[in-house]
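J.: got a structure for you, letters missing:
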């Protein structure tokens, strides 16, 4: 009888172990499916329709305040990937002619979410969050590299001051990868 | 009858014909895994020893022998092995072997010439053919030669010795190929050039005697009677030593910044994007002016996307 008890005990132990393993697996699977998809924004070209007001003559026929808002909803003009790489490389080389406005654009999270889009299986186009944030991190790293390569006077130009302000704003970003890179970049600022 | 004695059927005992059931011991379970494990281990060791004794393994000679084999399967197996081995960090000796890199460069030269001949032949043959016939002629039949050249171009980028520079620049600048897939080869060449630039840093981390040995061999090879070998060795030597760059330009040196500046005007957007990135690893008088031009890029031209 004691031999049987041993077998049963071991069997029950194995069963419990397998159940625990299955539970963990299910929890992982459940968590994956529950992860939220990036919010899909409406196609910007459709917003253009809201610009025109019918029944009124020009200039009232155009909703002027919405023009700026629509501009923000569009991705950057074509060639942005080439411009981004060129600006990043110039900064990494420590060039005196870095186009800071391009790096500022690279740090703009909303703009990057519009630039990097990915099509889901159901045809819906959503922001490619990973790629967008990678561009931001790349810009932050390039800014840090530029600072490390400066051996001359450490003056902060107005354009550079705007970059500092943009980086400071990103310090509150909830994404750890960006937060860490922001901290690293701020360490080498001229202030 | 003595009622004190139980009847035989009431006595609990082992059932006749069956062994007693006992729980498996720890030793038994260990044996269950240990014995097969030992068998597999011995088999693997034997296989490795056999391979080592046959002189196979990852020696340059064996790779070259496989790449030159008439049998396509053996050739591709060799190419596949080499591509994987060169990517490994422990293959530092192979990556820094200038003689091996020059041997592969020679094969790339031959492959490029062969491909150009084949392209010209197909172009001539399909000059008046229908669109379907043209598509068929430029499709599968050319794949073996294309893939071979693409593989060798990619391999050039894995070495620490930049002997592949002239050939990669040649591929990059050839924008008049009739082959519709030539853009992919040019992108591959530019990627390899980027890797080469990055690998130069690793070269300077090698031990001084090893660096000196590589330079010595390149000097010797730069006087080779084989023009491809000599040109590749001279370029390798030129880009290995920053000090030598300031010396008057030797004959046959291909300037990477010149090549990249030309490619920066290409109609392919992706090539321009890669050029902007490549200047992280390559320098020269044209680097900064080219980058400044690229910061005003307007996305002109084409963008061929390759589905993943």
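T.: Cool, the structure landed. Quantities reported herein were computed from a predicted structural model and do not represent experimental measurements.
J.: Pull the contacting residues for residue B:190.
T.: Residue B:190 makes contact with B:168, B:172, B:263, B:271, B:274-275, B:278, according to Cβ atoms under 8 Å, 6 or more residues apart in numbering or on different chains. C-beta coordinates here come from the backbone N, C-alpha and C atoms, glycine included.
J.: Sticking with the most centrally placed residue in chain A, tell me its helix or strand.
T.: Centroid-nearest residue in chain A: residue A:133, 3.0 Å away (criterion: Cα atoms, centre = their mean). Using DSSP states H and E, the element containing residue A:133 is helix A:129-148.
J.: now residue A:25
T.: Here residue A:25 is assigned to helix A:2-34, by DSSP H and E.
J.: Any stretches of the chain with poor pLDDT?
T.: I went with chain A, as the question did not name one. Residue ranges of chain A with pLDDT under 70: A:1-5, A:32-48, A:51, A:67-72.
J.: that's the wrong chain, I wanted chain B
T.: B:1-16, B:53-57, B:242-250, B:306-308.
J.: let's go with 90 and repeat that
T.: Within chain B, the ranges that satisfy pLDDT under 90 run B:1-35, B:48-59, B:72, B:88-91, B:127-141, B:180-181, B:241-252, B:302-308.
J.: mind giving me the domain split of it?
T.: Using automatic domain parsing, the domain ranges for chain B come out as B:101-248, B:255-298.
J.: Relative to chain A, which residue of chain B is the closest?
T.: Residue nearest to chain A within chain B: residue B:299 (2.7 Å; Cβ to the nearest Cβ).
J.: so what's the closest residue to chain B within chain A up against?
T.: In chain A, the residue that lies nearest chain B is residue A:78 (2.7 Å; Cβ to the nearest Cβ). Applying Cβ under 8 Å, 6+ apart, we find residue A:78 in contact with B:298-300.
J.: Name the SS class of it, please.
T.: Counting by DSSP: H, G, I helix; E, B strand; the rest coil, the backbone at residue A:78 sits in coil.
J.: hang on, the earlier thing: could I get the phi/psi values of the residue lying closest to the residue of chain B closest to chain A once chain neighbours are set aside?
T.: Using Cβ to Cβ, 6 or more residues apart in numbering or on different chains and skipping residues adjacent in sequence, the residue nearest residue B:299 is residue A:78, 2.7 Å away. When read as degrees, to the nearest 10, the backbone of residue A:78 gives phi -50, psi 150.
J.: and residue A:78, how far is that from residue B:297?
T.: 9 Å (Cβ to Cβ, to the nearest Å).
J.: Quick one: end-to-end length of stretch B:272-290, please.
T.: Stretch B:272-290 has its terminal residues 10 Å apart, counting by Cα to Cα, to the nearest Å.
J.: what's the neighbour count on residue B:162?
T.: 27 (other Cβ atoms under 10 Å in any protein chain shown).
J.: looking at it, it is touching residue B:196, isn't it?
T.: Yes - counting by Cβ atoms under 8 Å, residue B:162 touches residue B:196, with 4.9 Å between them.
J.: out of the domains of chain B, deepest packed?
T.: Burial of those is given as mean neighbour count (mean count of other Cβ atoms under 10 Å in any protein chain shown); domain B:255-298 ranks first at a mean of 20.
J.: and chain B, which of its residues are near chain A?
T.: B:20-23, B:269, B:272-274, B:276-277, B:279-280, B:287-288, B:291-292, B:294-300 (Cβ under 8 Å from any Cβ of the partner chain).
J.: go again using 10 Å as the cut-off
T.: Proximity of chain B to chain A, by Cβ under 10 Å from any Cβ of the partner chain, involves residues B:12, B:20-24, B:264, B:269-281, B:283, B:287-301, B:303.
J.: Quick one: mark the members of those residues that sit in helices.
T.: Here DSSP state H is the test, and those give B:269-278, B:287-294 as lying in helices.
J.: which other helices and strands contact the helix or strand residue B:135 falls within?
T.: Using DSSP H and E, residue B:135 sits within helix B:131-138. Judged by 3 or more Cβ pairs under 10 Å, 6 or more residues apart in numbering or on different chains; DSSP states H and E, the packing partners of helix B:131-138 are helix B:98-125.
J.: Return the residues of chain A in contact with chain B.
T.: So far as Cβ under 10 Å from any Cβ goes, chain A lies against chain B at A:1-11, A:76-90, A:92-93, A:95-99, A:101-102, A:142, A:145.
J.: Show the buried residues in those.
T.: The neighbour-count criterion (16 or more other Cβ atoms under 10 Å in any protein chain shown) marks A:76, A:79-90, A:92-93, A:95, A:98-99, A:102, A:142, A:145 among those as buried.
J.: Which of those residues fall in helices?
T.: A:80-90, A:92, A:102, A:142, A:145.
J.: follow-up on the earlier one: quick one, what contacts the residue of chain B closest to chain A?
T.: A:76-83, B:269, B:272 (Cβ atoms under 10 Å, 6 or more residues apart in numbering or on different chains).
J.: How about residue B:229?
T.: B:99, B:102-103, B:105-106, B:109, B:163, B:221-223.
J.: okay, now residue A:24: neighbour count?
T.: Neighbourhood size, residue A:24 [other Cβ under 10 Å]: 10.
J.: ugh, typo on my part, it should be residue A:54
T.: With other Cβ under 10 Å as criterion, residue A:54 counts 5.
J.: Can you tell me the closest non-neighbouring residue to it?
T.: residue A:61 (7.7 Å).
J.: before we move on, what about residue B:172?
T.: Residue B:172's closest residue in space is residue B:189 (Cβ to Cβ, 6+ apart), at 4.9 Å.
J.: for residue A:108, same thing?
T.: Distance criterion Cβ to Cβ, 6+ apart; nearest residue to residue A:108, sequence neighbours excluded, is residue A:166 at 7.6 Å.
J.: related to what we said a few turns ago, quick check: neighbours shared by residue B:162 and residue B:196?
T.: When contacts are counted by Cβ under 10 Å, 6+ apart, residue B:162 and residue B:196 are jointly contacted by B:156, B:168, B:236, B:239, B:256, B:282.
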